[in-house]
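Visitor: turn this into a structure:
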Amino acid sequence: MNPGESGYSVAIVGASSLLGRELRAVIRERRFPISRLIELEAGGDAEAEPQLPVLDIEKDEAAAFLAAQESISGVDVAFLAAPTDPAQALLASGLPPLVIDLDGGLAEPERQAPQIAFLESGGASAPAAEMPKPSTKAIYAAHPVTIVLSALLLRLASKAEITAAVAQVLSPASHLGPRGIEELQRQTVNLLSFQKIPRAVFGSQLAFNLLPRLLSPGSETLGNLEKRVRGELSRTLAGRSPLPALRLLQSPVFYSMGVSLYVETAQPLAPAKAAQALGGKPIRVSRASEQPPSQVEVTGSADILVDSIGADATRPNGLWIWAAADNLRLAAANAVDLVEKLLPRAAAQTIRERVH
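Guide: Numbers count the residues shown, from 1 in each chain. Predicted coordinates for the structure are as follows:
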């Protein structure tokens, strides 16, 4: 295969998940050169599509691995946006030279740092992504919460010594997949029509509410996400900034997350200087005269929108930062960015192996 002429053969494990669909959208918008796109779709006993017509969603089930190896032979890159059972089967085939793990199930955090493509340039940077070794098939893509917090903390740390940080993340329903989105919508509609609300996903009323924890199977998902982000931050920050005290809250928002970050520096840092340190693609800092960024505004964008930086009224070295980001689009864009940097080398090596 000559990537310059015919494009790459790409597989998406979990193509029908919310993240899988976002990956397809980013690949299409970027005009990423593809000769073949293999979508490993949801399998098993998929539930019926939601009956509410305003949503266009598909079930976030574990993708069914296509058993016939000839159907996936010659894959150049695989995106893993689904639980790891089908992904492990794909890796066991030994076919893809480059695998981007967005699900985190194949990661070995003690050996491999999560990758954030845009932090490889500019001031502070995350550990550089490397060509996968034969014993390490997957490149571990950072979770979007990790991407936002790492970008904010590392860029600030390039201008001032950070002594402490506290982060609260308002997590959207989309992190629980289509079931979370569907239940939040049904709760909202049923409350307004004085009907009984469903609680299978969130365990209690989320609509018009904010939950510090979930009394349902989703509580494990939220707890695991906090654990994953803490582990990733310890690797991406790598001592250049202290680990923030972290709390994830379930917000009644369908898509996109909000992040409230408090930072203390060793010496006072003017908000204008902090804004200057944070600015630069993909972070956009608003002026005080502009509307504050919201989760609604950022949906569908790979940018990280930051409000004008505020100094704490009682602590002279304290700064408050509000940021909003589309969790799905940010993760998908980071994955494609990593591929664009790594695939030419990976594909070249694979072509040589196929020729010989």
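
Visitor: for the rest of this, base every contact and every neighbour count on C-alpha atoms.
Guide: OK.

Visitor: show me where the stretch 1-150 of the chain dips below the pLDDT cut-off.
Guide: 1-6, 41-73, 83-96, 106-111, 120-137 (pLDDT under 70).

Visitor: what do you get if the cut-off is 90, keeping everything else the same?
Guide: Within the stretch 1-150 of the chain, the stretches with pLDDT under 90 are 1-17, 33-78, 80-99, 101-113, 119-140.

Visitor: share the number of residues neighbouring Val189, please.
Guide: Neighbourhood size, Val189 [other Cα atoms under 10 Å]: 15.

Visitor: looking at this, it is in a helix?
Guide: Yes: with DSSP: H, G, I helix; E, B strand; the rest coil as the criterion, Val189 is part of a helix.

Visitor: distance check, it against Leu343.
Guide: As judged by Cα to Cα, to the nearest Å, Val189 and Leu343 stand 46 Å apart.

Visitor: can you check Leu19 too?
Guide: Leu19 sits 21 Å away from Leu343, taking Cα to Cα as the criterion.

Visitor: Pro282 now?
Guide: Separation of Pro282 from Leu343 (Cα to Cα): 22 Å.

Visitor: now do the helices in the protein.
Guide: For the chain, the helices defined by DSSP state H occupy 3-6, 18-30, 84-92, 144-157, 178-192, 218-237, 271-278, 295-298, 327-355.

Visitor: Leu19 and Leu343 - which one has more neighbours?
Guide: Leu19 (26 against 20).

Visitor: so what's that one closest to, chain neighbours aside?
Guide: Spatially, and ignoring its direct neighbours in sequence, Leu19 is nearest to Leu328 (5.7 Å; Cα to Cα, 6 or more residues apart in numbering).

Visitor: the one you found: what's it in contact with?
Guide: Residues near Leu328 by Cα atoms under 8 Å, 6 or more residues apart in numbering: Leu18, Leu19, Glu22, Pro144, Ser256.

Visitor: same list (those) but as JSON lines, adding distance to Arg213.
Guide: Shown next, in JSON lines, are the contacts of Leu328 (distance: Cα to Cα, whole Å):
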{"residue": "Leu18", "distance to Arg213": "23"}
{"residue": "Leu19", "distance to Arg213": "23"}
{"residue": "Glu22", "distance to Arg213": "27"}
{"residue": "Pro144", "distance to Arg213": "20"}
{"residue": "Ser256", "distance to Arg213": "18"}
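
Visitor: narrow those residues to just the buried residues.
Guide: Among the contacts of Leu328, those buried by neighbour count (16 or more other Cα atoms under 10 Å) are Leu18, Leu19, Glu22, Pro144, Ser256.

Visitor: which one of the contacts of Leu328 sits closest to Gly310?
Guide: Ser256 (22.4 Å; Cα to Cα).

Visitor: roughly how far does that closest one sit from Ser294?
Guide: Taking Cα to Cα, one finds Ser256 at 9 Å from Ser294.

Visitor: same question, Leu278
Guide: For Leu278, the distance to Ser294 (Cα to Cα) stands at 18 Å.

Visitor: neighbour-wise, which of these two wins?
Guide: Legend: neighbour count by other Cα under 10 Å for Leu278 and Ser294, higher for Leu278 (24 against 18).
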